[in-house]
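J.: next one to model:
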Amino acid sequence: MIIKSLIVNNFRVFRGVHEIDLAPRTEKKIESAKPIILFGGLNGAGKTSILSAVRVALYGRIAFGRGLSTPEYQKELDALIHRGVGVSDNKSSIELVFNHSHNGIESEYKVTRAWERGKRDKLTLEQNSKELTQLNYDQCQSFLTELIPTGIADLFFFDGEKIAELAEDESGQVLQTAVRRLLGIDVVERLRSDLAIYLKRHHAAAMPANIQTQIAKLDKARLNAEHEAVELTNQASLSRAKIDLVAKEIDNAESELSSRGGAWASSREQEKAKQLTLDAERKQLEKTVRSEIEGDLPFSFAPKTLQKLLTQLNEEKATKQANSFNKELTAFMTELTWKLNAEMSDATTAIETIGKCLHDRESNQHNTEIKLDISDRELSQIEAQINVQSPVSFNRFDKARQRLAEVEEDIAALSVNIARAPEQEQLEIQLNNVKALTSKRTKAILEHKEKTEAAKRKYREAIELARKIQKLHDKHKVAFNAEASLSNAQNAHIMLADFSEKLTAVRVKQLEAEFIKSYQKLARKDDLKLSARINTTTFDVELIDDKKHAISRKALSAGEKQIYAISILEALGKTSGKKLPIIIDTPLGRLDSKHRDKLIEHYFPEASHQVIILSTDTEIDESYFNNTLFKNEISHAFEIQFDGATKSSSLKEGYFWEQKSKAALEVN
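T.: Numbers count the residues shown, from 1 in each chain. Here you go, the predicted structure:
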């Protein structure tokens, strides 16, 4: 299979019609086409939209998961219609063109799926440019599902981050389905089932009349049980719808209650409790403010004046110290003069010189007028209050003042809320309505549970009756039947059982070998000698290290789980021989640099004949894009650009750095 083109119209982030060429291109010098088609886009640009478009085009409702009801499917489709700026068109469509070999004949198919908001989607299918008008919607969908079964497509069109779930599937169900479908084992199982039905009919015809009557009675009971189970399932669905309807009524009733002040009423007591707490805090804050005002706080209100005061006091202190020194020095000069006259014959010159020096010193000395005359201890206390205690006091005061303002605002707001809240009696009708609806919803939930359980019981009863019928068939099988067709059918049924078992064993051995090759090629630990065992019944994969010890898959990192899952996918593809394209969204998100190197060089170039990669600029960055092993296998690339003004995306051929390089070349 090769996907040739994808055309989306008003689909998710893509506004209007966008035609995307997905066919691998062939260079003149190279005969074979390059497999990789690369899409680059930032998060939210629309990479996942391309994967979604392919899946929705092919599978419709099943693309969103099994068990989706018609209204739920319609809701999912409506969500895919583009909702950009200025867009009023409520229509969307997807057109997918691909080549595919069916029953050995290759044809070109074109799938077109279109829908309008609130209306069922329309599906048309063309084969070799001729519309298959003989197929209705359900037949077209069945044809596509058989062409590429969903169990297979899930393993080829996948999200790189979610594919690691395959490694976490301990039941083996995902792998079992994939192996049976990819390797053709399911065809054998279907043939066995058809032969079993054929044999059962013949056995029934050969049974005694009383056994046939007993089987007919059991079969009638089985059909009645199945019918009742279906009826109960429908009733459970109605109960589910009733629950949803009552839930909407409750929302409306609660909205009305809220509009009448119900929200305020429900929190009235809480608001009052908060108000009491805040009142107590306000009183404590007011006490703190008063205490600071009565203490050192006033010293912080006039810093300049107080600094002048300290300057005056320090100057007075200096003046007093100088005067005291001068007084002592004068007394010393009297004593010095007497000694000089007594000991020297002529001391007049020395005494005059000393006196002149003292006079000059006193003349140059700055004396401040003593106004306050306080002691040194009192000066130290004043300095401590002004420079140390008053800033600390101001900080405490300022925090208390700010918090007091906040508390008073909160108290005022609470007062408004409390005043706004109506009394309980005023809301009695609305409250009773909400209670009644809640009770109604509870009753509907119980009814839904009861109907669901009853339906399950009826289904179990139908299954048990089917088992009884089968036991009667098995018990009264005809030992020998001369009819050649019946004998052949019996032999073929036995042979197919044996063939299925042996085919499964052979295919699983091939799968194990291919898995080991792929895993060792992609694993980061090059020295790891790994083998694998796949259970042919459960299809659980067990990893075995070089010491023959089993490795728990739970112990693998997220990146290792992704490598494990990709190895499984590659092994399945090679074992089956089926040629299907691979679409990978977010291929390297969980991987470290070494794992990324392995995938870039050894997986993407060899994964399939067509590999569509949807990447951000941080996954396949410039270095990876220019990696020779990778780049040589790129057919062409697109950059998805999102326009914030229109809330829509467009595609330009060329990758992130290719666009810049082309622009630079054009400028030069």
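
J.: where does pLDDT dip in the stretch 201-350 of the chain?
T.: 201-208, 254-269 (pLDDT under 70).

J.: in it, which spans are helices?
T.: 209-259, 262-266, 268-294, 303-343, 348-364 (DSSP state H, counting those that start in this stretch).

J.: nearest to Ala63, out of those?
T.: The closest of the helices of the stretch 201-350 of the chain to Ala63 is helix 209-259. By Cβ to Cβ, the value is 22.5 Å. Every residue, glycine included, has its C-beta placed from N, CA and C.

J.: distance between the closest one and the chain's centre?
T.: 35 Å (Cα atoms, centre = their mean, to the nearest Å).

J.: could the helices of the stretch 201-350 of the chain be laid out in a markdown table, adding mean neighbour count and distance to Ala114?
T.: Putting those into a markdown table (neighbours: other Cβ atoms under 10 Å; distance: least, Cβ to Cβ, whole Å) gives the following:
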| stretch | mean neighbour count | distance to Ala114 |
| --- | --- | --- |
| helix 209-259 | 15 | 28 |
| helix 262-266 | 18 | 46 |
| helix 268-294 | 14 | 55 |
| helix 303-343 | 13 | 80 |
| helix 348-364 | 11 | 107 |
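
J.: any stretches of the stretch 451-600 of the chain with poor pLDDT?
T.: Applying pLDDT under 70 to the stretch 451-600 of the chain flags the ranges 473-497, 524-530, 538-539, 553-554, 590.

J.: ranges for the strands of it?
T.: Ranges of strands in the stretch 451-600 of the chain, per DSSP state E, counting those that start in this stretch, are 531-534, 541-544, 550-551, 582-585.

J.: per-domain residue ranges of the chain.
T.: The chain breaks down by automatic domain parsing into domains covering 208-265+428-475, 268-420.

J.: ok now the first one, how far from the chain's centre?
T.: By that I understand domain 208-265+428-475. The answer for domain 208-265+428-475 is 34 Å, by Cα atoms, centre = their mean.

J.: likewise stretch 605-622?
T.: Averaging C-alpha positions (Cα atoms, centre = their mean) puts stretch 605-622 22 Å from its chain's average.

J.: only alpha carbons, please: show that stretch as CSV.
T.: Extracted C-alpha coordinates of stretch 605-622, given in CSV (Å, rounded to 0.1, in the frame of the first residue of the first chain):
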residue,chain,number,x,y,z
PRO,A,605,15.3,4.7,6.7
GLU,A,606,14.5,0.9,6.7
ALA,A,607,11.1,0.8,8.4
SER,A,608,8.9,0.6,5.3
HIS,A,609,8.7,1.7,1.7
GLN,A,610,6.7,4.7,2.9
VAL,A,611,7.4,6.4,6.2
ILE,A,612,5.5,9.6,7.1
ILE,A,613,7.1,11.3,10.1
LEU,A,614,5.4,14.1,12.1
SER,A,615,8.0,15.9,14.2
THR,A,616,8.8,19.0,16.1
ASP,A,617,12.1,21.0,15.6
THR,A,618,13.5,19.6,18.9
GLU,A,619,12.9,16.0,17.9
ILE,A,620,14.3,15.9,14.3
ASP,A,621,16.5,18.9,14.7
GLU,A,622,19.0,20.4,12.3
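
J.: returning to that earlier point: which among the strands of the stretch 451-600 of the chain is found nearest to Glu249?
T.: Closest to Glu249 of those is strand 582-585 (Cβ to Cβ; 40.8 Å).

J.: could you check how far that closest one is from the centre of its chain?
T.: On Cα atoms, centre = their mean, the centre of strand 582-585 falls 19 Å from the chain's centre.

J.: buried ones in that strand?
T.: Ile582, Ile583, Ile584, Asp585 (16 or more other Cβ atoms under 10 Å).

J.: quick one: the third one from Ala413, how far?
T.: Pointing back at Ile584 there. In this structure, Ile584 and Ala413 are 55 Å apart, going by Cβ to Cβ, to the nearest Å.

J.: can you give me the strands for the stretch 1-150 of the chain?
T.: Assigned by DSSP E, counting those that start in this stretch, the strands in the stretch 1-150 of the chain fall at 2-11, 14-21, 36-41, 91-102, 105-116, 122-127, 130-131.

J.: avg pLDDT for the fourth one?
T.: When pLDDT is averaged along strand 91-102, the result is 91.

J.: who does it pair up with?
T.: strand 2-11 (antiparallel), strand 105-116 (antiparallel) (DSSP bridges).

J.: now do the buried residues in it.
T.: Buried residues in strand 91-102 (16+ other Cβ under 10 Å): Ser92, Ser93, Ile94, Glu95, Leu96, Val97, Phe98, His100.

J.: could you do stretch 117-137 as well?
T.: Neighbour-count burial for stretch 117-137, counted by 16+ other Cβ under 10 Å, picks out Asp121, Leu123, Thr124, Leu125, Glu126, Leu135.

J.: that older thread, tell me the most buried of the strands of the stretch 451-600 of the chain?
T.: strand 582-585 (a mean of 24; mean count of other Cβ atoms under 10 Å).

J.: partner strands of that one, parallel or antiparallel?
T.: Its sheet considered, strand 582-585 pairs with strand 157-159 (parallel), strand 611-615 (parallel) by DSSP bridges.

J.: circling back: what about the strands paired with strand 91-102, which gets the closest to Ala558?
T.: Closest to Ala558 of the strands paired with strand 91-102, according to Cβ to Cβ: strand 2-11, at 29.2 Å.

J.: distance between the closest one and the chain's centre?
T.: Distance of strand 2-11 from its chain centroid, counting by Cα atoms, centre = their mean, is 27 Å.

J.: from the buried residues of strand 91-102, which two are the most distant?
T.: Spatially, the most separated pair among the buried residues of strand 91-102 is Ser92 and His100, at 24.7 Å (Cβ to Cβ).

J.: want to throw the buried residues of strand 91-102 into JSON lines with distance to Ile3?
T.: As requested, those are exported to JSON lines (distance: Cβ to Cβ, whole Å):
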{"residue": "Ser92", "distance to Ile3": "20"}
{"residue": "Ser93", "distance to Ile3": "17"}
{"residue": "Ile94", "distance to Ile3": "12"}
{"residue": "Glu95", "distance to Ile3": "12"}
{"residue": "Leu96", "distance to Ile3": "7"}
{"residue": "Val97", "distance to Ile3": "8"}
{"residue": "Phe98", "distance to Ile3": "5"}
{"residue": "His100", "distance to Ile3": "9"}
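
J.: Phe638 is in what secondary structure piece?
T.: Secondary structure from DSSP states H and E places Phe638 in strand 634-643.

J.: what comes up buried for the next helix or strand after that strand?
T.: Using DSSP H and E, the helix or strand that directly follows strand 634-643 along the chain is strand 648-653. Neighbour-count burial for strand 648-653 flags Ser648, Ser649, Ser650, Leu651 (criterion: 16+ other Cβ under 10 Å).

J.: perfect, that will be all.
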